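S.K.: based on what follows, work out the 3D shape:
(one chain, ligands or ions: 1)
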Amino acid sequence: MEFGYKNIHLMKDKVVGTGAYGTVFHARIDNLVCAAKSLHPVLFRDNDPSTAGLHKKFLSECQIMSRLRHPNIVQYLGRTTDPQTQLPILLMELMDCNLTKFLEGEEPFPYHLQVNFSHDVAKAIAFIHSNQIMHRDVNSNNVLLLGRVQAKLGDFGMSSLLQDRKSRLTQCPGALAYMAPEAQSYMYSEMLDIFSMGVLLVHMMTRMYPNPTDAHRDVGFEKGRRLLVAVPELDRRREHISMINSSHPLLPIANNCLEDKAAQRPSANHLCQQIETLKTAPTYQESLKPRAQERRGEEKSSQRSEQEIEALRVKVENQQLEHQKLAEQLELKDRQLQEAQYRFTQQQAVQQERKRPIPRPIPQSETAVKKLQKELSASQEANSRLEETVAQLESRALHLRDQDGATEIGPDWK
Ligand SMILES: Nc1ncnc2c1ncn2[C@@H]1O[C@H](COP(=O)(O)OP(=O)(O)OP(=O)(O)O)[C@@H](O)[C@H]1O
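M.R.: Next up, the predicted model:
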């Protein structure tokens, strides 16, 4: 939905973050505080035609996001055009921070939270795959958090529709550390997102940015050429994986996602099921309980914080409902306006039509009378012509009788 610029209050000085192509800052639609994402105007200097692709990509991000509505996907609210730069601005739900920042911070990240966030992202991926969309840039920058309560997938700038697979795919999309081996080629599928999910799990479990080692190993010369062999992904990522406790329940799931062969990775739906199962296991339940040292003297406060988290979750859910309701109301208003405009133009057209002089239709009886009058005057004319002829003939007959008296022209001749 395109919002009129006047309805939006942009707060460009309240910047949330900056990416390679754009900036995200605070905005307000009526009373709803939201996030606005705009492209860097510097990229569009001098009307460079190469930036047309960027513009198109941004509009495609808006289009893809507008089709998606899911609790674990950052909610798209609409778009508007910046009157200064004439560039589009994407409006979406405002989130608290991204997962990268959270993992770099000091806040504890207990096991149950790791499972919850993984489950949230897996559900978002399963949802987009079932809608024939692949994200192609799943990484911790694009996982956005609402406090410690919920994780959502955002930034659909690299997304692509699965049906477009026949057209040439972008080689190496997304962040390098998160990239699947097949991304080097043009031959990949939605399984690319599953690989990135595996990297995300390792990133969450280690809290270390998962930079892998070299992709190829030099194994000497063959026929005068250097011979390079591909290093399996699990080996490239060994350094990080070895930091994880081998009994961590998310580890086998991560390893499975990091398989070199895309066909051996689990589907997004399967991944969701695997993570969901972890929630019923005792390890998860244990993690929910406050730790022993917390219990000592801090029992009350930790209980209170669990209650606070629960209250926050309810509040967030209510807020999400409000967001959705507002977006729906705005859409409805927009439609009502369109309908009113349509009716107005229609009425104008009708009024114009009315102003034109319309020939009065002649009633049927009137037509018939006119026809009879016409016929009557024609027959009267014929009668008078006939009477004239008869008079002429009578005078000629009288004339002839006067001449020789022999010829009788009887009155029956009349
Ligand atoms: N809806 C949102 N609410 C809060 N913060 C957001 C929101 N969307 C994006 N951000 C944050 O704003 C910053 C810029 O986001 P943006 O999507 O432009 O770039 P990026 O994902 O960091 O990188 P790239 O440009 O390579 O995609 C990031 O830190 C991101 O986490």
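
S.K.: and this protein, which residues reach the ligand?
M.R.: Contacts of the chain with the ligand, taken as Cβ under 6 Å from any ligand atom, map to 16-22, 24, 35, 37, 74, 92-95, 98, 141-142, 144, 154-155, 157. Yep, even glycine has a C-beta here, placed from its N, CA and C like the rest.

S.K.: whichever of those end up buried, select them in PyMOL.
M.R.: Burial among those is assessed by 16 or more other Cβ atoms under 10 Å; the matching PyMOL selection reads:
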select buried, resi 16+17+21+22+24+35+37+74+92+93+94+95+98+141+142+144+154+155+157
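
S.K.: which strand or helix spans the closest residue to Tyr76 other than its chain neighbours?
M.R.: Closest residue to Tyr76 apart from its sequence neighbours, by Cβ to Cβ, 6 or more residues apart in numbering: Met65 at 3.7 Å. Per DSSP states H and E: Met65 is located in helix 52-67.

S.K.: got the confidence number for Met191?
M.R.: pLDDT for Met191: 94.

S.K.: can you tell me the closest non-neighbouring residue to it?
M.R.: With sequence-adjacent residues excluded and distances taken as Cβ to Cβ, 6+ apart, Met191 is closest to Ala262, at 3.7 Å.

S.K.: got the contact list for Tyr178?
M.R.: 137-139, 195-196, 199-200, 210 (Cβ atoms under 8 Å, 6 or more residues apart in numbering).

S.K.: for whichever residue of the chain sits closest to the ligand, give its distance to Ala177.
M.R.: Across the chain, the shortest distance to the ligand (Cβ to the nearest ligand atom) belongs to Gly19, at 2.0 Å. Gly19 sits 16 Å away from Ala177, going by Cβ to Cβ, to the nearest Å.

S.K.: likewise for Val231?
M.R.: Relative to Ala177, and taking Cβ to Cβ, Val231 is found at 15 Å.

S.K.: just Gly198 next, same as before
M.R.: Applying Cβ to Cβ to Gly198 and Ala177 gives a distance of 12 Å.

S.K.: now do Ser189
M.R.: Taken as Cβ to Cβ, the spacing of Ser189 relative to Ala177 amounts to 21 Å.

S.K.: pull the distance from stretch 193-206 to the chain's centre.
M.R.: Centroid separation for stretch 193-206 versus its chain: 26 Å, with Cα atoms, centre = their mean, to the nearest Å.

S.K.: right, I mislabeled it, should have said stretch 80-92
M.R.: 16 Å.

S.K.: what does that stretch rub up against?
M.R.: So stretch 80-92 is in contact with 2-5, 7-8, 10, 27, 29, 34-39, 41, 44, 55, 58-59, 61-62, 65, 74-79, 154, going by Cβ under 8 Å, 6+ apart.
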